[in-house]
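Peer 1: with the input below, show me the fold.
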Amino acid sequence: MNLPNDSRSLELIADDCSFLEGPRWHQGALFVSDFYTHEVLRFDGEGRHVVCEVEGQPSGLGFTPDGRLLVVSMLDRRLLRLDGSRLTEVASFAELAAGPANDMVVDAAGRAYIGNFGSPAGSDLAYASLVRVDPDGTASIAASQLGFPNGAALTPDGRHLLIAETFVGRISAFEVDTDGGLSGRTTWAQFGAAPDYLDEPRATKELELLPDGMALDAEGMLWVADAKGHGASRVRRGGEVVDFVDTGDLSVYALALGGPDLRTLYLCCAPPHRTFDPSTSRQSVLLATQVAVPGTGAP
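Peer 2: This is a model prediction of the structure:
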């Protein structure tokens, strides 16, 4: 692992991980999924802890209004809740998601919005739906025709949802209705020309940025992970990059703003997309750096 030698300090929080995803700051600690160890981890002032193990591979994380952990079970396309030390099923949504489930954002009412690959792993990509799971376990389609819906964020007032469409190089925005429905889709940022195809290898080669995990800050800008690049970009609506954290030879796949003042940017890093096999190696690391503008406290 080669990190840049520049004025911005990067702290190594954890290494020897398989593939870190879905980081969320909650009640003084960072929670993150490690795909191929099947563990959800918690990092706090006392170190690294295993919160639970998810047989179906953990991905997106969130919390109920009363503070219980929600976990996306990726391969069997379920939403789980940690009740004490036991994982219970909130919903199975396999009939609504054609491929493995991935990232998630949970609103203040406990509604979960979950992305998926759009097609079975290893097959050609297809446009996907964003699945909504209500607190009572009801699952439905919240939005459709998304180009690999991935990282997501909510504005502090809960009225807008932002979603990364990784393999079309786009961040889309939706208005959130009072009942949790999504409408009024717009393009928040398009990185380069919009492709007229949905193809993972071609997109990885041709697109200038593959937006993955995201975090909204108090000035309304997004920190955006880039699955093919070498850092995280702070982006203004419209796509202008106003700041950049260089992570050397590693790509950033997911990130979160946290810490006591919400000015710590946590970065889930690994070698660039399609250059390694995370199921058989332990090259993923968790880094942290300080930024000037705090997060919003919203997921």
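Peer 1: can you list the residues that contact the worst-scoring helix or strand of the chain on mean pLDDT?
Peer 2: Across the helices and strands of the chain, mean confidence by mean pLDDT, DSSP states H and E is lowest for helix 200-206: a mean of 94. The contact list for helix 200-206, computed with C-beta atoms under 8 Å, 6 or more residues apart in numbering, reads 125, 148, 166-169, 195, 197, 210, 227-228, 273-274. Every C-beta, even on glycine, is put in place using the N, C-alpha and C of the backbone.
Peer 1: including neighbour count, could those residues go into TSV?
Peer 2: TSV is the format used below for the contacts of helix 200-206 (neighbours: other C-beta atoms under 10 Å):
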residue	neighbour count
L125	20
F148	27
T166	34
F167	26
V168	23
G169	25
P195	17
Y197	11
L210	27
A227	24
K228	19
H273	20
R274	12
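Peer 1: out of these, flag the one nearest to P135.
Peer 2: Closest approach between these and P135, by C-beta to C-beta: F148, at 26.7 Å.
Peer 1: phi and psi next, for L125.
Peer 2: phi -70, psi 150 (degrees, to the nearest 10).
Peer 1: neighbours of S144, how many?
Peer 2: Neighbour count of S144, defined by other C-beta atoms under 10 Å: 10.
Peer 1: tell me the contacts of it?
Peer 2: 127-130.
Peer 1: for ChimeraX, what selects the buried ones among the residues you listed?
Peer 2: Per 16 or more other C-beta atoms under 10 Å, the buried members of the contacts of S144 correspond to this ChimeraX selection:
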select :127,128,129,130
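Peer 1: what's the most distant pair in the contacts of S144?
Peer 2: Among these, Y127 and L130 lie farthest apart (C-beta to C-beta), at 11.0 Å.
Peer 1: which residues do those two both contact?
Peer 2: 144, 146.
Peer 1: in the stretch 1-150 of the chain, which ranges drop under the pLDDT threshold?
Peer 2: Applying pLDDT under 70 to the stretch 1-150 of the chain flags residues 1-7.
Peer 1: ok so, going back, out of the contacts of helix 200-206, which comes closest to L265?
Peer 2: For the contacts of helix 200-206, the nearest to L265 is A227 (17.0 Å; C-beta to C-beta).
Peer 1: wait, doesn't the closest one sit right on A270?
Peer 2: No - using C-beta atoms under 8 Å, A227 makes no contact with A270, being 9.3 Å away.
Peer 1: need the residues touching each of the two.
Peer 2: 251, 253.
Peer 1: so which residues of the stretch 151-299 of the chain form strands?
Peer 2: All strands of the stretch 151-299 of the chain, identified by DSSP state E, counting those that start in this stretch, fall at 160-165, 170-176, 182-190, 211-216, 222-226, 231-235, 241-246, 251-258, 264-270, 284-290.
Peer 1: what about L154, how many neighbours?
Peer 2: 20.
Peer 1: quick one: contacts for the residue nearest to it when sequence neighbours are not counted?
Peer 2: Sequence neighbours aside, A298 is the residue nearest to L154 in space, at 5.1 Å (criterion: C-beta to C-beta, 6 or more residues apart in numbering). Counting by C-beta under 8 Å, 6+ apart, A298 makes contact with 153-156, 158, 216.
Peer 1: would you reformat the residues you listed as JSON lines and include distance to S233?
Peer 2: Below are those laid out as JSON lines (distance: C-beta to C-beta, whole Å):
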{"residue": "A153", "distance to S233": "14"}
{"residue": "L154", "distance to S233": "20"}
{"residue": "T155", "distance to S233": "19"}
{"residue": "P156", "distance to S233": "21"}
{"residue": "G158", "distance to S233": "25"}
{"residue": "L216", "distance to S233": "14"}
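Peer 1: ok, and the most crowded of these?
Peer 2: Most surrounded of the contacts of A298: other C-beta under 10 Å gives A153, at 25 neighbours.
Peer 1: am I right that it is in contact with M214?
Peer 2: Yes - using C-beta under 8 Å, A153 is in contact with M214, at 4.9 Å.
Peer 1: identify the contacts common to the two.
Peer 2: Contacts common to A153 and M214, judged by C-beta under 8 Å, 6+ apart, are 162, 222.
Peer 1: picking that back up, of the contacts of S144, which is the nearest to F63?
Peer 2: For those, the nearest to F63 is L130 (19.2 Å; C-beta to C-beta).
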